[in-house]
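Undergrad: predicted model, plus sequence, below.
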Amino acid sequence: MNGEHKITSSHRERAAICYLRQSSMAQVRQHTESTRSQYGLADTAAALGWPSTSIEVIDTDLGISGKWGVAREGFTELVTRVCTGEVGAIFGIEITRLARSNADVARLAEFARITGTLLIDPDGVYDPADVNDRVILGFKGTMGEMELHVMAQRLQANKRAAAARGELRTPLPVGLVHDDAGDIVIDPDAGVQAAIRDVFAAFTACGSAYGVVAAFAGRRFPLRAYGGAWAGQLRWGKLTHARVLGILKNPGYAGAYVFGRYTSRRTVDPGGTVHTSITERPRAGWPVLIKDHHEGYITWADYLANEARLVANHTAAGARPPREGTALCQGIIICGSCGKPMMTNYHTDQRPSYECSSRRDRLTTPSCRTVVAACVDDAVAGALLDALTPEQVALALAAADEVTGQHQRVSRAAELAVERARYEADRAERAFCQVEPENRLVARSLEARWEARLAALAEAEQALEAAQDTLPPLPSRDDLEKLAADLPALWNAPSTSARDRKRLLRTLIADVTVLPEPDQAKVRIGIRWHTGATDELTADRPVHPGTARRSPAPAVDLVRRLGSTTSNDELVTRLNAAGHRTGHGRPFDIDAVQWIRHAYKIPVPDPYGPGEISVAEAARRLGCSTGVIYHWIHTGQLTARRGSAGRFCIPWDAQAEAGCRTRIAQSAHLGRAARPRTLRAPAFPAADGGEVSVTQAACQLGCSTGVIYYWIETGQLSARRGAGNRLHIPWNDQIQAQCRSRIGQSGHLNPAARRTKPRRRR
Ligand SMILES: [Zn+2]
C-alpha cells in the first residue's frame, strides 16, 4: 500500500478503527457490494500488521445521512476515541468522506495530527502530522465537495426540467397510482376509490376535517406504502385528522401536478447545531403547478372551495366557524361599546346569551352589555328572512347574472389579450427570422423585441389563468328561486340544524353589532350585510321571569298606603274593585295580599282594642307559660274575644290580673310553673373549705362554664382534680374580683358574661 512505511509500531500498539457509513437505508439494502468492501477494511488492517484483537469496526452510522444536522453516534464516538489517543489508525473507504461536511473531517484530521493517528483508505496511508499529507487530504476534501456540488447541481437541474414538464415521478397519495406508461391514474382498486370519494363527500356534507374523522369512525382507510419493505402495498388503518387534512390539501386529487409544495429550511440554534425543517410554500410560490394534468377525484374549483373552508375553520388563526349551538349569531357578534367580539354562553338552563369578552379582562365599558341570545337572534333572523323574499331574490339573481357576465367579460378580455400577445410574438419572431444574418445590429434589436413580446405573452397567459380561477361557481337559477320561495318553512323546519341556519345567515350577513343603548329595557342591533349595506334594529330585552311575575306597582302602592289600617279582606275587595291583577294575571285573594305584606314588610292593623292584651303579653306579665293562659280561656276562667285572624284579645285590668294571680297562688301545680325560676347552683359534693365547682363559679360570675374551663386550661385560674375527676376551684373574694376584672376587660367575654339572668324555658 502507498505510504505503508508511515505505519510504526506505536500505531500498531494502539487500536485500528474501521469506520463504516452509508447515507441511507436504501444504500445499505441495495449497495451491498459497498457495505461488503467496507467490512473488508478489517482485513486490510490485519494485513498491515494490526493484531485482530485491536481491530474494531464502528458501523452504527450505516443508513444515517452524513448531511448537516443529523446526529451520528458512530462519528462522535470516533472523534472521542481519537482525542483520548487510544487510536493508532482510522480506516475508511474514502477518508475525506468520513463526514459529508468538510469542517467535520478537518476537525477529525486536526485531532488525529495532535494524537499521532494515521488515516488510511485504499489509496494509501496519510499522516496528518505530515504537511504534504495534510495538503493532499485538504485538496481531496475540496475536490470531493466540488464533485458533490456539480453532481447535485446537474441532478437538480434535470429534476426541475422534468418537473416543469410534469414528468418527474413523485410519491403519489393513496388513490392515485402510476400506470405502466408512467402516467398518473386513479387507483383501479374500487375499495380505495370509494374511500377517497367518501372523504370528499363527507367534508362537503359536514364541513370540517374532524367531521370526516367522525364519519369514518369504525371504518378503515387505505394507505399505500411508499418505499421500504412494504413499497407499493396497500395497508388499511385508521383515518386520522392529519390524514384528512393531507387529503383535502393535496392538489393531486384535483388533477393538478405540483412540484415544490414544500421546501426545507436550515436554522442554527445557539449551541451551533444545524436543524433542517420542512415548510409548506404558499400556492403562489409553488415552482410548478400544472392543472388538469391527470384525472382527479374533484375539480380545481372544489379544491379551492375546500381550502377556503379549511381556512374558515381554523379557530387558532382567529376564524369562528358556525358551531352546533342554538345561538344564531355565534362567532359574528361584536360589542359595539368596546369593539371586542362577544362570547356565546350556554347557561345551565340552555338559555344562551352573548357576553362581551372584555369582561374576562375586566375591561368592560359602562355600556357593555350581556344580552339574551334569543332577543338578538329573533331580530336578526327576521331581518334575514325579510331580505330573502322572492322579489328580493329575483333582484339578487339579476345582480348575480350581471356579475357572471362581468366575469365572463373579464375572462374574455383576458383571452383576447392572450391572442393579441401571441400574434405580436409571432410577428416579432417572423421579423427576426427574415432579417439578413449580416445585418447584425438590426437582428439584435429584433431579437430583443421578440423576447419582450414573449414575456408579454407569458404575462397575458398568467392573467387569463387568474381570471378563470376567480370565476365563482353559482348554483342554478331555478334552484335558487325554489329555495327562496320556501325559505321561511325551511328555516323553521326541525330538520334544519342550528349550524345550517348559521351558515345561511353568514352567506348574507357579515357581522352583527350590539350597539350602546341607554334604555336598559331595549337592545339596539346593527347588521352589516356582505353587500356593505347596514341596518339598525331595536328589540325589547326579555323581562326576567321573576320580575315579570311581580305584583304591579300600583297594587303594591295601594296595599302600602292602606295596609296598616285595613284588614286583608277589605284590601282584597278594594284591589279587585280598582281592577288590579296579580303578577300572574289573576284576581287578588287573601294569599296574594298576605304575600305583598310579607314581601314589602307592610304590617297588619293592630288587632287589640284599648285595654286589651295578647296571650303572650298576659303570660309575660304573670310570669307563667302561654299554655296556662290558653287553658284559662278555653275553660272560661278568663274572658277573651277573637280578633282578626282568630287572635285572642284579652281585656286586661287590675281586677283580671288579680284574679289570675289568685288562681296561680291557689294551684299547687300552677304555682310552681308560674313562679319565676330562681338561680340554683347544682348540688356539689362536699368541697373542701373555700372551694367551688366550675358551675358554681360560672353562676357566681354570671358567665358560661366554657369561660371558666378556658381560664383553667390557660392557667389563668387555678383548680385541682377532686373525686370523680371533678375540678375544684379555690374561691374567695380576691379570686372572684380577679375574674370579674378579666371579664370587664375582655371585649369578647363581656356579652357572654353578661348573661346574669338564667334563661327561661319557653
Ligand atoms: Zn364590550
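TA: That came through fine.
Undergrad: and residue 292, how many neighbours?
TA: As a burial measure, the neighbour count of residue 292 was computed by other CB atoms under 10 Å and equals 12. C-betas here are computed from N, CA, C, even on glycine.
Undergrad: how about the one 5 residues further on?
TA: Applying other CB under 10 Å, we find 20 other residues in the vicinity of residue 297.
Undergrad: I'd say it and residue 197 touch.
TA: Yes. Using CB atoms under 8 Å, residue 297 and residue 197 qualify as a contacting pair, with a distance of 6.1 Å.
Undergrad: any idea how far the helix of greatest length in the chain is from the chain center?
TA: Determined from DSSP state H, the single longest helix within the chain is helix 390-434. On the basis of CA atoms, centre = their mean, to the nearest Å, helix 390-434 sits 46 Å off its chain's mean C-alpha point.
Undergrad: for it, the averaged confidence score.
TA: For helix 390-434, the mean per-residue pLDDT is 82.
Undergrad: before we move on, what about stretch 464-477?
TA: The average pLDDT within stretch 464-477 is 68.
Undergrad: for that stretch, measure first residue to last.
TA: Criterion CA to CA, to the nearest Å; first-to-last residue distance in stretch 464-477 is 27 Å.
Undergrad: repeat that for stretch 290-300.
TA: Distance between the boundary residues of stretch 290-300 (CA to CA) amounts to 11 Å.
Undergrad: name the residues that touch it?
TA: 166, 175-176, 183-186, 196-197, 200, 252-258, 306, 469 (CB atoms under 8 Å, 6 or more residues apart in numbering).
Undergrad: indicate the residue of the stretch 151-300 of the chain located nearest to the ion.
TA: Ranked by CB to the ion, the top residue of the stretch 151-300 of the chain for proximity to the ion is residue 208, at 29.3 Å.
Undergrad: so that residue touches residue 322, yeah?
TA: No. With contact defined as CB under 8 Å, residue 208 does not reach residue 322; the gap is 10.0 Å.
Undergrad: sorry, back to before: which strands and helices sit next to the longest helix of the chain?
TA: For helix 390-434, the packing partners by 3 or more CB pairs under 8 Å, 6 or more residues apart in numbering; DSSP states H and E come out as helix 440-469, helix 477-485.
Undergrad: buried stuff in the last one?
TA: Meaning helix 477-485. 480, 484 (16 or more other CB atoms under 10 Å).
Undergrad: right, and the helix or strand after it?
TA: Following helix 477-485 in sequence order, the next helix or strand is helix 487-492 (DSSP states H and E).
Undergrad: give the rounded mean pLDDT of that following helix.
TA: Here the mean pLDDT over helix 487-492 is 84, rounded to a whole number.
Undergrad: what of stretch 90-100?
TA: Per-residue confidence for stretch 90-100 averages out to 79 on the pLDDT scale.
Undergrad: now swap in stretch 746-753 and tell me
TA: Here the mean pLDDT over stretch 746-753 is 62, rounded to a whole number.
Undergrad: between the helices and strands packed on helix 390-434, which one is nearest to the ion?
TA: Closest to the ion of these is helix 477-485 (CB to the ion; 35.8 Å).
Undergrad: what angle do the closest one and helix 390-434 make?
TA: Calculated by axes from the mean of the first three to the mean of the last three CA atoms, to 10 degrees, helix 477-485 forms an angle of 150 degrees with helix 390-434.
Undergrad: what are the phi and psi angles of residue 330?
TA: Taking degrees, to the nearest 10, you get phi -50, psi 130 for the backbone angles of residue 330.
Undergrad: tell me who's in contact with it.
TA: If you count contacts by CB under 8 Å, 6+ apart, then residue 330 has 320, 322, 323, 344, 502 around it.
Undergrad: what residues does the protein have near the ion?
TA: Remark: the part of the chain in contact with the ion comprises 335, 337, 338, 356, 358, 368, using CB under 5 Å from the ion.
Undergrad: quick check on those residues: which are buried?
TA: Buried members of those, counted by 16+ other CB under 10 Å: 335, 337, 338, 356, 358, 368.
Undergrad: go ahead and confirm the fourth one touches residue 340.
TA: Yes. Residue 356 lies in contact with residue 340 (CB under 8 Å); the separation is 6.1 Å.
Undergrad: buried residues in stretch 560-574?
TA: The neighbour-count criterion (16+ other CB under 10 Å) identifies 562, 563, 566, 567, 568, 571, 572, 574 as the buried residues of stretch 560-574.
Undergrad: what does that stretch rub up against?
TA: Against stretch 560-574 from outside (CB under 8 Å, 6+ apart): 558-559, 588-590, 592-594, 597, 600, 602-605, 644.
Undergrad: and if you look at stretch 190-200?
TA: Contacts with stretch 190-200, where a contact means CB under 8 Å, 6+ apart, come from 174-175, 186-187, 212, 215-216, 221-222, 224, 234, 239, 244, 247-248, 253, 297-298, 302, 306.
Undergrad: how far does it sit from its chain's centre?
TA: The offset between the C-alpha centroid of stretch 190-200 and the centroid of the whole chain comes to 32 Å, using CA atoms, centre = their mean.
Undergrad: so for that stretch, what's the average pLDDT?
TA: Per-residue confidence for stretch 190-200 averages out to 93 on the pLDDT scale.
Undergrad: and the residue of the stretch 501-650 of the chain found nearest the ion, which helix or strand is it part of?
TA: When you check the stretch 501-650 of the chain against the ion by CB to the ion, the closest residue turns out to be residue 514, at 8.2 Å. The secondary structure element spanning residue 514 is strand 509-515 (assigned by DSSP H and E).
Undergrad: which positions within that strand qualify as buried?
TA: Under the neighbour-count criterion of 16+ other CB under 10 Å, strand 509-515 has 509, 511, 512, 513, 514, 515 buried.
Undergrad: cool, and stretch 214-225?
TA: Neighbour-count burial for stretch 214-225 flags 215, 216, 221, 222, 223, 224 (criterion: 16+ other CB under 10 Å).
Undergrad: pull out the buried members of the contacts of stretch 290-300.
TA: The neighbour-count test (16+ other CB under 10 Å) marks 166, 175-176, 184, 186, 196, 200, 252-258, 306 as buried among these.
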